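S.K.: after the sequence you'll find the predicted model.
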Amino acid sequence: MSGGPAAGRMEDGRLEQFIRCPGCFFSGGNCQESEPWRESARTASDRIIREFYGIDASRRTADIILERLELYLIGPEESGLVMEDYLRMKKNLAKYLILALFQEEYTDPPLFLFETLSVQVEELDLELVMHLHVGEWANGSYTLKRYYLDEDWCVVKAYLQLSLVFAYKAFGRLPGQIEAYNLLTGEAYRIRPKADDLPASMDFLRLTDTLMREHKRSRIMLA
């Protein structure tokens, strides 16, 4: 970026925390610290997805996903869930991992797989940092995919807005599609962004950045 380093920085994880629970964001806490099953499910699913894409397409099977889940997911005793809820969570996670990963067959390696990238956006005076799950190329365009264990639509919407601006600035063109999958409910969100969508997404990030910084400024003034 020709104008020097950006004045601010917005990371996707911090944005998600702010949207989910502003109180936790400002206090430095985490509303989900007491949910070991969620952290285990997230870690297990990320690892399974990463390993799935590392297997030759002709050898990918649902059984591989089920076997990996047995290996990586904590047991019911450590999960913090009663047995009935644990089994339901595990069943849903297995089901929706399989459905999400086998919905389309891509034989080429992904463009990127669980990589963290950053880009500076002059219009916002912000550095955007994203932990990109999966990027795939097909039919002359690319698709961004992200996998969630979150039922908060606002969190997913914020991700879609951030991804649109980030992708355009980082790769010089909009993705053909941005997808977000909820691995606990099976819900899938897909958008096909257009150039006309950029201004609204820019405005969303500008407003959100202002709100995220405002509390910090007020605390400094009161100190």
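M.R.: Right, received. Where do you want to start? Numbering: from 1, shown residues only.
S.K.: for the chain, which segments are assigned as helices?
M.R.: Taking DSSP state H to define them, one finds helices in the chain at 12-20, 22-27, 36-54, 62-72, 76-79, 83-101, 153-171, 198-222.
S.K.: centroid residue for the chain?
M.R.: The structure's the chain has its C-alpha centroid closest to residue 146; by C-alpha atoms, centre = their mean the separation is 4.6 Å.
S.K.: next one: that one from residue 93, what distance?
M.R.: Distance from residue 146 to residue 93, counting by C-beta to C-beta, to the nearest Å: 16 Å. Yep, even glycine has a C-beta here, placed from its N, CA and C like the rest.
S.K.: also residue 150?
M.R.: Look at residue 150 and residue 93: by C-beta to C-beta, they are 13 Å apart.
S.K.: pLDDT below threshold where in this protein?
M.R.: Where the chain drops to pLDDT under 70, the residues are 1-7, 28-34, 106-107, 215-223.
S.K.: which one's the longest strand in it?
M.R.: Using DSSP state E to define each element, the chain has its longest strand at strand 126-138.
S.K.: that strand pairs with which strands, and in what direction?
M.R.: strand 8-11 (parallel), strand 112-121 (antiparallel), strand 141-148 (antiparallel) (DSSP bridges).
S.K.: and those as JSON lines, adding distance to residue 98?
M.R.: Below are the strands paired with strand 126-138 laid out as JSON lines (distance: least, C-beta to C-beta, whole Å):
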{"stretch": "strand 8-11", "distance to residue 98": "30"}
{"stretch": "strand 112-121", "distance to residue 98": "18"}
{"stretch": "strand 141-148", "distance to residue 98": "13"}
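S.K.: pick the most buried one from these.
M.R.: strand 141-148 (a mean of 20; mean count of other C-beta atoms under 10 Å).
S.K.: out of the strands paired with strand 126-138, which comes closest to residue 46?
M.R.: In terms of C-beta to C-beta, the element of the strands paired with strand 126-138 nearest to residue 46 is strand 112-121, at 6.6 Å.
S.K.: off-centre distance for the closest one?
M.R.: Computed by C-alpha atoms, centre = their mean, to the nearest Å, the chain-centroid distance of strand 112-121 equals 12 Å.
S.K.: now do that strand and helix 36-54, the angle between them.
M.R.: Comparing the axes of strand 112-121 and helix 36-54 via axes from the mean of the first three to the mean of the last three C-alpha atoms, to 10 degrees yields an angle of 100 degrees.
S.K.: make 56 the starting number, not 1.
M.R.: With 56 as the first residue, the last one maps to strand 167-176.
S.K.: could I have the CA atoms of strand 167-176 written out in PDB?
M.R.: Output of strand 167-176 as PDB, limited to C-alpha atoms (Å, rounded to 0.1, in the frame of the first residue of the first chain):
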ATOM      1  CA  PHE A 167      -5.300 -22.200   0.000                       C
ATOM      2  CA  LEU A 168      -6.100 -24.200   3.100                       C
ATOM      3  CA  PHE A 169      -6.300 -22.700   6.600                       C
ATOM      4  CA  GLU A 170      -4.000 -19.800   5.800                       C
ATOM      5  CA  THR A 171      -3.800 -16.400   7.500                       C
ATOM      6  CA  LEU A 172      -3.400 -13.500   5.100                       C
ATOM      7  CA  SER A 173      -3.600  -9.800   5.500                       C
ATOM      8  CA  VAL A 174      -4.300  -6.800   3.200                       C
ATOM      9  CA  GLN A 175      -4.400  -3.100   3.700                       C
ATOM     10  CA  VAL A 176      -7.400  -1.100   2.600                       C
END
